[in-house]
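K.L.:
coords below, sequence missing:
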């Protein structure tokens, strides 16, 4: 589960045995969005218990645009607007 998301990376809670330095493909499934957002390469930067953080290394322009939209909608929702 994604617990924090930015254009440069994300924080996840997972039972996955992630190790710092490991490179992953990330698939973000967002409620209300038809297609998942794929991040081609993300590198694990840190781990703590069932939580780990990744830095996005390779993100296509379409995926970056989708990330920006998701983040903007979430911020609007958090500020009391409608997403």
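P.N.:
Done, it's in. Not measured: the values here are computed from a predicted model. Numbers count the residues shown, from 1 in each chain.

K.L.:
where's the helix-or-strand element of the chain with minimal mean pLDDT relative to the chain centroid, distance-wise?
P.N.:
Sorting the helices and strands of the chain by mean pLDDT, DSSP states H and E puts helix 61-78 at the bottom, at a mean of 88. Averaged C-alpha coordinates place helix 61-78 at 11 Å from its chain's average position (CA atoms, centre = their mean, to the nearest Å).

K.L.:
Stretch 45-59 now?
P.N.:
Distance, centroid of stretch 45-59 to centroid of chain: 9 Å (CA atoms, centre = their mean).

K.L.:
quick one on the thing from earlier: in the least confident helix or strand of the chain, which residues are buried?
P.N.:
63, 66-67, 70, 73 (16 or more other CB atoms under 10 Å). C-beta: built from backbone N, CA, C; applies to glycine.

K.L.:
so which of those comes closest to residue 13?
P.N.:
Of all those, residue 13 sits closest to residue 70, with 18.1 Å by CB to CB.

K.L.:
Could you grab the helix/strand/coil label for the spatially closest residue to that closest one that is not a sequence neighbour?
P.N.:
Once flanking residues are discounted, residue 70 sits nearest to residue 30: 5.7 Å by CB to CB, 6 or more residues apart in numbering. Classification of residue 30 by DSSP: H, G, I helix; E, B strand; the rest coil places it in coil.

K.L.:
Can you tell me what sits against the longest strand along the chain?
P.N.:
Looking across the chain with DSSP state E, the single longest strand is strand 37-48. Strand 37-48 has contacts (CB atoms under 8 Å, 6 or more residues apart in numbering) with 9-10, 18-28, 30, 52-60, 63, 66-67, 70.

K.L.:
7 Å instead, please
P.N.:
18-28, 30, 52-60, 63, 66-67 (CB atoms under 7 Å, 6 or more residues apart in numbering).
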